[in-house]
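Q: Provide a 3D model corresponding to the input given below.
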Amino acid sequence: LLLDRLFGAELHWIDTTDPYADAVQVRLDALEQAARDAGRRPWQIRLPGRTGALAAAAAVGLADELAAQCAEPPGLVCLAAGSGLTAAGLLAGFAAAGLVTQVLAISVQQPESFIRPLILRRAEEAAALLGREARIDPSRLVVDDRFIDPGYGLSSPTSLAALKVAGRAGGLVLDPAYTAKALAGLIGRLGEGSIEAGAGVVFVHTGGAPGLFAQSAAIAQSLGDSAAS
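A: Next comes the predicted model:
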């Protein structure tokens, strides 16, 4: 919101915290029509909406990049899943390339019963949009929703612990509510033995580092500091 205000964006508020709520689409459609009536040429971007397939298609390039860079195809790719579109693009890309790589999507917002069908559908749509033949195998997608708590956009003890591990073991900066929850999920699944020994694992960092500073007090407390500097 700070950057939105800095860049002079016109902000509109909707009385819901659910990005999938019908009220969101209704309001966006009304704003789009108002812009058209004013002679403008708006482009509506809503990841759960009709632009979702386009966003997923962009992530197909990530699968292509991994396939080109890895001497052997990774056995598993782990990432955070909010809208699930990056996971969908990876599924589509791996399928189009004929790879049997499994995608582990650690949900940071929605239950598995909701987000899994959405990811599979978006993967099909992304492949079709790019004109790439791909048979999406549902068994290649694993969704783990055990790391959402205490809620969307909020850190957790396990995510803060994973954030610390990433920083101190690899100099990797994660954010506490998204990528750190994904790493916490990966660490948890490795610990419980649900990931096959010897499988080549790739962790995808999808960004979000500014979130680190938004929750600096909680992070500092987890590190044993009295206050964030």
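Q: let me see the ranges of the strands in the protein.
A: 76-81, 102-107, 141-144, 201-203 (DSSP state E).
Q: how about those in CSV, adding distance to residue 23, mean pLDDT and mean neighbour count?
A: (C-beta placed from N, C-alpha, C; glycine too.) As requested, the strands of the chain are exported to CSV (distance: least, CB to CB, whole Å; pLDDT from 0 to 100; neighbours: other CB atoms under 10 Å):
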stretch, distance to residue 23, mean pLDDT, mean neighbour count
strand 76-81, 23, 98, 26
strand 102-107, 23, 98, 25
strand 141-144, 26, 98, 20
strand 201-203, 36, 96, 17
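Q: nearest to residue 215, out of the ones you listed?
A: Closest to residue 215 of those, according to CB to CB: strand 76-81, at 15.4 Å.
Q: contacting residues for the residue nearest in space to the middle of the chain?
A: The geometric centre of the chain, computed from its C-alpha atoms, lies nearest to residue 81 (CA atoms, centre = their mean), at 3.3 Å. Each residue near residue 81 by CB atoms under 8 Å, 6 or more residues apart in numbering is listed here: 87, 105-109, 115, 119, 143, 182.
Q: so where's the protein shaky on pLDDT?
A: Along the chain, the model assigns pLDDT under 70 to residues 225-229.
Q: please parse this protein into its domains.
A: Structural domains assigned to the chain are 2-37, 53-222, following automatic domain parsing.
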